[in-house]
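# Make a model of this:
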Amino acid sequence: MELENLKLLETKIDQFVDHHERVREEHDVLVQRLKQRELELAELTGQVKQYEQERVELRARLERILSRLNALDLA
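Modelled structure (predicted):
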């Protein structure tokens with residue numbers, strides 16, 4: 001009987017260790033995916049800032065052009 005209990009305990013420990021290893025591997029994969037997503041986010045954030053700056057510059061240029069056209073008083 002004790003031998004059966006020991007075998008059962010050993011089986012449960014093996015299952016636990018296997019499960020732990022799978023969870024650790026999944027964790028490592030998820031950490032890598034998170035790092036990748038963080039890099040992508042940083043890159044996209046930089047692009048958004050660049051586009052916002054370009055939009056501000058374009059707006060200022062268009063306002064200057066419109067101001068010059070209004071100054072012509074074509075009416």
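# Okay, now the unreliable bits of this structure?
74-75 (pLDDT under 70).
# the helices in the protein, which residues?
Per DSSP state H, the chain carries helices over the ranges 2-71.
# Quick check: buried residues in stretch 4-13?
When neighbours are counted by 16 or more other Cβ atoms under 10 Å, no buried residue of stretch 4-13 is found. In this view, the C-beta of every residue, glycine as well, is placed from N, C-alpha and C.
# try stretch 43-55
Of the residues in stretch 43-55, none is buried (16+ other Cβ under 10 Å).
# From the chain's centroid, how far away is it?
16 Å (Cα atoms, centre = their mean, to the nearest Å).
# again, but for stretch 3-13
44 Å.
# Ok, stretch 32-39 next?
Taking Cα atoms, centre = their mean, one finds stretch 32-39 lying 5 Å from the centre of the chain it belongs to.
# And for stretch 37-49?
Using Cα atoms, centre = their mean, the offset of stretch 37-49 from its chain centre is 8 Å.
# can I have it written out in PDB, keeping just the CAs?
Below are the C-alpha coordinates for stretch 37-49, written out as PDB (Å, rounded to 0.1, in the frame of the first residue of the first chain):
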ATOM      1  CA  ARG A  37       4.800  44.700 -28.900                       C
ATOM      2  CA  GLU A  38       6.600  47.300 -26.800                       C
ATOM      3  CA  LEU A  39       9.100  47.800 -29.500                       C
ATOM      4  CA  GLU A  40       6.400  48.200 -32.100                       C
ATOM      5  CA  LEU A  41       4.500  50.600 -29.800                       C
ATOM      6  CA  ALA A  42       7.600  52.700 -29.400                       C
ATOM      7  CA  GLU A  43       8.200  52.800 -33.200                       C
ATOM      8  CA  LEU A  44       4.500  53.700 -33.900                       C
ATOM      9  CA  THR A  45       4.500  56.300 -31.200                       C
ATOM     10  CA  GLY A  46       7.600  57.900 -32.900                       C
ATOM     11  CA  GLN A  47       5.800  57.800 -36.200                       C
ATOM     12  CA  VAL A  48       2.700  59.500 -34.800                       C
ATOM     13  CA  LYS A  49       4.800  62.200 -33.200                       C
END
